[in-house]
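> Any chance you could fold what I've pasted below:
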Amino acid sequence: MPKFTSLSSRTTTSVQKGIGKEELASFFGQIHAQHSLDKVIFVCIGTDRSTGDALGPLTGSYLLERGFQQVIGTLPEPCDASNLKQRISSIPADYIIIAIDACLGSSADIGTYICRERSLIPAESVKGELPAVGHYSIAGIVNANGPRPYTLLQMTSLHQVMNMARDLADAAETGFHMKAGSVETETLK
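Numbers count the residues shown, from 1 in each chain. Modelled structure (predicted):
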C-alpha cells in the first residue's frame, strides 16, 4: 500500500497523485484491520447545494444504504460549514473518524482520491475556518483547481461526483467486509 500523505480538502493537489477506486478498498481494509467497525464513524463533509461539494453527502447516503450505521453527513442531513463543529462535537472520544470531502486538483487527477492517515481541513482553499476532522481522511478530486474554487465546485459534473461517491461506498463495503448492496442502492445506479 502506498504511503498516504497530507492534503487539505478542496485544495490543489499538484504535488500529490490520487489513487484510483481499485486502491480505495485496500485503504478501508487497512483501517478495518486496526479498528472494529462498531467504533468507526464516517464524517462525510459537504452540501447538496453545490454539485462538486455534494461528494460527501452523496457518499454518506450510499454508505447508509450499504448498511453502515455510523454516518454523519447525508443528502437529507448534510454536514457542512454551518453545522460541522456541532456535529463532530457529538462523536464519542473513543471513535475512529474517517473524514470524506471533495477537493480540487490537477485535471489529470480528476476522479482520483487522496487517502491519508491524518485529518483534513475542510474549506481551507476558500479561506474557511473549520476544524481539522478525522483520524483518516479521503479527499476526492472532483474538478481541476482554479482561481474561483466556489464556481468550480458548482460547475462540477454531477455524473462524475455520483460515480465517485458510489466508488467510495463500494470500496468501504469491500474493505469492511459488508454484505452486498441493498435494492435501494441498485436503484440509484
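> Would you enumerate the residues in contact with I98?
I31, V40, I41, F42, V43, G134, H135, Y136, S137, I138 (CB atoms under 8 Å, 6 or more residues apart in numbering). Where C-beta positions appear, they are placed from N, C-alpha and C, glycine not excepted.
> Reduced to three states, what does the residue nearest to I110 when sequence neighbours are not counted come out as?
Leaving out its chain neighbours, the residue that sits closest to I110 by CB to CB, 6 or more residues apart in numbering is I141, at 5.5 Å. With DSSP: H, G, I helix; E, B strand; the rest coil as the basis, I141 sits in strand.
> again, but for L104
With three-state DSSP as the criterion, L104 reads strand.
> Quickly list what it is bridged to.
N143 (DSSP bridges).
> Against Q154, how distant is it?
12 Å (CB to CB, to the nearest Å).
> Check the contact lists of the two and give me the overlap.
Contact criterion CB under 8 Å, 6+ apart; residues shared by L104 and Q154: G52.
> on contacts alone, who are the packing partners of the longest helix along the chain?
When the chain is parsed with DSSP state H, its longest helix is helix 158-175. Contacts defined by 3 or more CB pairs under 8 Å, 6 or more residues apart in numbering; DSSP states H and E place helix 158-175 against helix 21-34, helix 55-65, strand 136-144.
> Contacts for that helix next, please.
When contacts are defined by CB under 8 Å, 6+ apart, helix 158-175 is touched by residues 21, 24-32, 42, 51-52, 54-55, 58-59, 61-63, 65-68, 100, 102, 110-111, 113, 138, 140, 142-143, 178, 180-181, 185, 188-189.
> Buried subset of these as a PyMOL selection?
In PyMOL syntax, the buried subset of those is picked out as below (16 or more other CB atoms under 10 Å):
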select buried, resi 21+24+25+26+27+28+29+30+31+32+42+51+52+54+55+58+59+61+62+63+65+66+68+100+102+110+111+113+138+140+142+143+178+181+185
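> got the contact list for the residue nearest to I110?
T13, G18, C103, L104, G105, S106, D109, I110, G111, T112, Y113, I114.
> Could you rank the residues you listed by neighbour count and give me the top one?
In terms of neighbour count, C103 stands highest of these at 30 neighbours, by other CB atoms under 10 Å.
> I figured that one hits A144, correct?
No: applying CB atoms under 8 Å as the test, C103 and A144 come out as separate, 11.0 Å apart.
> Show the pLDDT at G18.
Per-residue pLDDT puts G18 at 84.
> Using PDB, write down the CA coordinates of the helix or strand hosting F42.
Using DSSP states H and E, F42 maps to strand 40-44. Extracted as PDB, the C-alpha positions of strand 40-44 are listed here (Å, rounded to 0.1, in the frame of the first residue of the first chain):
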ATOM      1  CA  VAL A  40     -15.700   3.700  13.300                       C
ATOM      2  CA  ILE A  41     -17.700   6.700  12.200                       C
ATOM      3  CA  PHE A  42     -17.800   8.300   8.700                       C
ATOM      4  CA  VAL A  43     -18.000  12.100   8.600                       C
ATOM      5  CA  CYS A  44     -19.000  13.000   5.000                       C
END
